[in-house]
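K.L.:
Turn this into a structure:
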Amino acid sequence: VFSGTAEGIFNSAIGNFSSGVLYNGSNENSYSHEKWVRLESKWQYVDPEKIRIYTLGDFISNSPDWGSSVRLAGFQWSSAYSQRGDIVTSALPQFSGSAALPSTLDLYVNQQKIYSGLVPSGPFDIKQLPFISGNEVTLVTTDATGQQSITKKPYYFSSKILAKGINEFSVDVGVPR
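P.N.:
Numbering: from 1, shown residues only. Reported below is the predicted structural model:
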C-alpha cells in the first residue's frame, strides 16, 4: 500500500503558482474515501517595494493572537514585512534627555546597566537600543565635574508594538475549505 504527497511549483515574474496533492492507497483508516485529495493550490505574488503579498486560491487566514485561523479558498491581500529582513517592525526603545555639559550616560533596567556612552551638551536622543524588558529604566548622566542627574521612568517593551509608520494588515475574502 502506497501513500504520499506531491507538490508542483512554478515561478515567474508575475508570481508563483503551487499546487499539492495527497495520495492515499489505503482507505481503511481514512476519514475520506478518496484516494486523491487536492491539498493547497494558489497563485501568490510578493511585491517587495510595496511590502505586500497577494494570494489567489487556497490559504490560511491571518488572525490576531486571540483568534483562530481558517483555511479558505479565495483572495488574500496582506502586508509582507516577513519578506523584508532589512525592516525592523517593532518600536525600538529610545530615550531622550538634556545635559548641561558633555556627559557620560549610563542606562539601567531594573538596576542592571545595559548601555553606557557619551552625550553632547544640550538635548540628546538614545535610539536603537537592544530590546529590553523591564518595569523601570534609570538614566544617569555624569558631567565632567562629576555632577550626576538621575531620571527614573517606567518602561514596557513588546515586539508586538509596531514602530511608527509600520502598518500590519490582512484582508481575507473567501469560503471555508
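K.L.:
Name the nearest residue to the residue of the chain most remote from its centre, sequence neighbours excluded.
P.N.:
Ranking residues of the chain by C-alpha distance from their mean position (Cα atoms, centre = their mean) puts Thr145 at the top, at 44.7 Å. Among residues not flanking Thr145 along the chain, Leu101 sits closest, at 7.1 Å (Cβ to Cβ, 6 or more residues apart in numbering). All C-beta spots, glycine's among them, are computed from the backbone N, C-alpha and C.
K.L.:
Can you give me every residue that contacts the one you found?
P.N.:
Leu101 makes contact with Ser121, Asp143, Ala144, Thr145, Gln147, according to Cβ atoms under 8 Å, 6 or more residues apart in numbering.
K.L.:
Neighbours of Ser149, how many?
P.N.:
When neighbours are counted by other Cβ atoms under 10 Å, Ser149 registers 15.
K.L.:
Use 14 as the first number from now on
P.N.:
Got it, the first residue is 14 from now on, which makes the last one we talked about Ser162.
K.L.:
so what's it up against?
P.N.:
Ser162 neighbours (Cβ under 8 Å, 6+ apart): Gly110, Ala112, Val153, Thr154.
K.L.:
Mind checking what secondary structure the closest residue to Tyr67 other than its chain neighbours has?
P.N.:
Spatial nearest neighbour of Tyr67, excluding adjacent residues (Cβ to Cβ, 6+ apart): Tyr58 at 4.7 Å. With DSSP: H, G, I helix; E, B strand; the rest coil as the basis, Tyr58 sits in strand.
K.L.:
who's in contact with Tyr58?
P.N.:
Ile27, Gly28, Asn29, Ile66, Tyr67.
K.L.:
Buried ones in the helix or strand hosting the fourth one, by neighbour count?
P.N.:
Translated: Ile66. Taking DSSP states H and E as the criterion, Ile66 maps to strand 65-73. For strand 65-73, the buried set under the neighbour-count rule, 16 or more other Cβ atoms under 10 Å, comprises Ile66, Tyr67, Thr68, Leu69, Gly70, Asp71, Phe72.
K.L.:
Repeat that for stretch 89-108.
P.N.:
In stretch 89-108, counting by 16+ other Cβ under 10 Å, buried: Gln89, Ser91, Ser92, Thr102, Pro106, Phe108.
K.L.:
Isn't the fourth one up against Leu175?
P.N.:
Yes. With contact defined as Cβ atoms under 8 Å, Thr102 reaches Leu175; the gap is 5.9 Å.
K.L.:
Are there residues contacting both of the two? Which ones?
P.N.:
Common neighbours of Thr102 and Leu175 (Cβ under 8 Å, 6+ apart) are Glu181.
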